[in-house]
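[1] predicted model follows, preceded by the sequence.
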Amino acid sequence: SLGRAFVGAASVVLLLVATSTWLQGWLPVQIDTVPLVLAVLLTYVATMANRIDQQSIRLIFQRLDIRRKNLMMRNLIEKSIVGVIICDETGRLESLNDSAANMFGYDVLDFGDISIDALVPELSDRAETDESPLHQLAEIGQREMWGTRRDGTAFPVEITASKVASDDRTVLVSLMNCIT
């Protein structure tokens with residue numbers, strides 16, 4: 001873009017100089033082309049600056065729109081009555097909403113290095129394959145299992161899991177409903 005602008009400006013200057021030289025060969029009067037060349041160059045630079053400003057403004061509004069949408073999604077997840085738990089591929093909890101924390105008898109800030117296996121012990125069982133039950137559940141979709149609260153009591157929970165690609169990795173998103 002900048003290279004094209006430079007080539008365009010250089011072409012305009014060369015055209016003006018060539019036209020001026022041609023005209024001076026035909027006319028007996030000397031014409032000073034410096035003011036004309038400067039005026040054309042300044043007009044061209046001002047036009048390019050205006051285009052860049054318009055692109056910058058467009059990008060700023062796009063960033064604001066993305067932030068607004070991210071905030072809306074974050075609020076939807078945090079305020080949802082469905083428990084939402086996001087884990088890495090090993091099952092370590094990365095984030096969860098208030099509904100999920102309350103369902104298992106925790107505070108959102110209490111989840112340090114807790115694994116999903118501690119909340120839903122059935123997910124710690126390894127099947128015949130090397131793939132974790134949470135990965136298998138993501139393939140199946142929805143299933144009823146038993147969850148374990150912080151105080152050790154078991155309760156039935158309906159879990160829906162799915163794999164979500166995020167940047168260069170995959171996270172597992174689990175939606176949970178207590179079905180007592």
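    Nice, thanks for sending it over.

[2] and the strands in this protein?
    Using DSSP state E, the strands assigned to the chain run over residues 83-87, 93-96, 142-148, 154-166, 169-178.

[3] relative to V120, which of those is closest?
    strand 142-148 (5.2 Å; CB to CB). Quick note: C-beta positions are derived from backbone N, CA and C, even for glycine.

[4] before we move on, the earlier item: buried deepest among the strands of the chain, which one?
    Across those, averaging neighbours per residue (mean count of other CB atoms under 10 Å) puts strand 83-87 on top, at a mean of 21.

[5] need the contact partners of that one.
    Defining contact as CB atoms under 8 Å, 6 or more residues apart in numbering, one finds that strand 83-87 is touched by 77, 93-97, 99-101, 103-104, 115-116, 119, 134, 171-178.

[6] between strand 154-166 and it, find me the angle.
    What separates the directions of strand 83-87 and strand 154-166 is an angle of 50 degrees, with axes from the mean of the first three to the mean of the last three CA atoms, to 10 degrees.

[7] quick one: closest of the strands of the chain to A49.
    When the strands of the chain are ranked by distance to A49, counting by CB to CB, first place goes to strand 154-166 at 37.8 Å.

[8] for the closest one, packing partners?
    Counting contacts by 3 or more CB pairs under 8 Å, 6 or more residues apart in numbering; DSSP states H and E, strand 154-166 is packed against helix 133-140, strand 142-148, strand 169-178.

[9] hmm, who's touching it?
    Residues external to strand 154-166 that are found in contact with it (CB under 8 Å, 6+ apart): 103, 120, 134-135, 137-138, 141-149, 170-180.

[10] what do you get if the cut-off is 6 Å, keeping everything else the same?
    Contact partners of strand 154-166, identified using CB atoms under 6 Å, 6 or more residues apart in numbering, comprise 137-138, 142-148, 170-180.
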